[in-house]
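Participant: got a predicted model here, sequence first, then my questions.
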Amino acid sequence: MKEIVKHTTYGEIVYEESFWNGKKKLTINGDTAETVSKNEYKINDKKIILKGNFLTGVSLNIDNENITITPKTTWYEIAFAILPFLFLIIWGNNTYLCTIFPVVGGGIGGALGGVGGLLSLFFMRKVKSTKFKILIGFGAFIIVVLIAFIWALLLIQLLLLLQ
């Protein structure tokens with residue numbers, strides 16, 4: 001993930017964060033920042049404090065001036081990210097509800113809901129439009145529930161074959 005911000009005082013600020021390992025790289029006006037500690041950088045004897053990450057929102061503090069790189073996560077992004085996890089945990093652990101519409105629950109459902117929620121949040125953070133964020137959230141929820149449904153049907157068939 002790469003974000004570029006044009007700032008009046010500091011010029012072009014480029015923030016890069018690896019999706020896989022969370023490694024961060026900061027460049028201000030063409031100069032690469034030197035890593036002092038996990039969230040502290042230095043360029044030309046200026047101390048830079050980096051707060052947050054791509055999923056929660058990123059801001060820089062340079063000379064007591066806060067610069068927003070990516071906005072903070074909104075309440076509806078968090079709600080859509082939690083929704084698949086909660087649905088599968090609650091629905092998948094209720095035997096009556098699973099007779100109506102079977103889905104996997106427990107550890108498998110929780111893991112599936114957690115991964116689906118994180119991917120949903122990741123893709124929602126990549127778009128700017130609220131409408132598209134809501135569509136991504138609903139779409140991810142439907143996809144996760146359908147995968148849990150198919151998984152449950154496969155497990156039911158497997159159990160019937162083993163009898």
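Facilitator: Arrived safely.
Participant: Lys51: what's it in contact with?
Facilitator: By CB atoms under 8 Å, 6 or more residues apart in numbering, the residues touching Lys51 are 39, 58-61. For the C-beta atoms, the positions are set from N, CA and C on the backbone; glycine is no exception.
Participant: just the buried ones from those, in PyMOL syntax?
Facilitator: Burial among these is assessed by 16 or more other CB atoms under 10 Å; the matching PyMOL selection reads:
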select buried, resi 58+59+60
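Participant: inside helices: which ones of the contacts of Lys51?
Facilitator: If you go by DSSP state H, the contacts of Lys51 have nothing in helices.
Participant: which parts of the chain are helices?
Facilitator: Using DSSP H, helices in the chain cover 75-92, 95-100, 106-126, 130-162.
Participant: need the ones you listed in TSV (columns: distance to Ile49).
Facilitator: Shown next, in TSV, are the helices of the chain (distance: least, CB to CB, whole Å):
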stretch	distance to Ile49
helix 75-92	24
helix 95-100	48
helix 106-126	22
helix 130-162	29
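Participant: can I get the ones you listed in CSV including mean pLDDT?
Facilitator: Below are those laid out as CSV (pLDDT from 0 to 100):
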stretch, mean pLDDT
helix 75-92, 95
helix 95-100, 94
helix 106-126, 93
helix 130-162, 96
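Participant: tell me which of those lies nearest to Glu16.
Facilitator: Closest to Glu16 of the helices of the chain is helix 106-126 (CB to CB; 14.4 Å).
Participant: which neighbouring elements make contact with the closest one?
Facilitator: Where contact means 3 or more CB pairs under 8 Å, 6 or more residues apart in numbering; DSSP states H and E, helix 106-126 is packed against helix 75-92, helix 130-162.
Participant: centre of the chain to it, how far?
Facilitator: 8 Å (CA atoms, centre = their mean, to the nearest Å).
Participant: most tightly packed of the helices and strands packed on helix 106-126?
Facilitator: Mean neighbours per residue, mean count of other CB atoms under 10 Å, is largest over these for helix 75-92, with a mean of 18.
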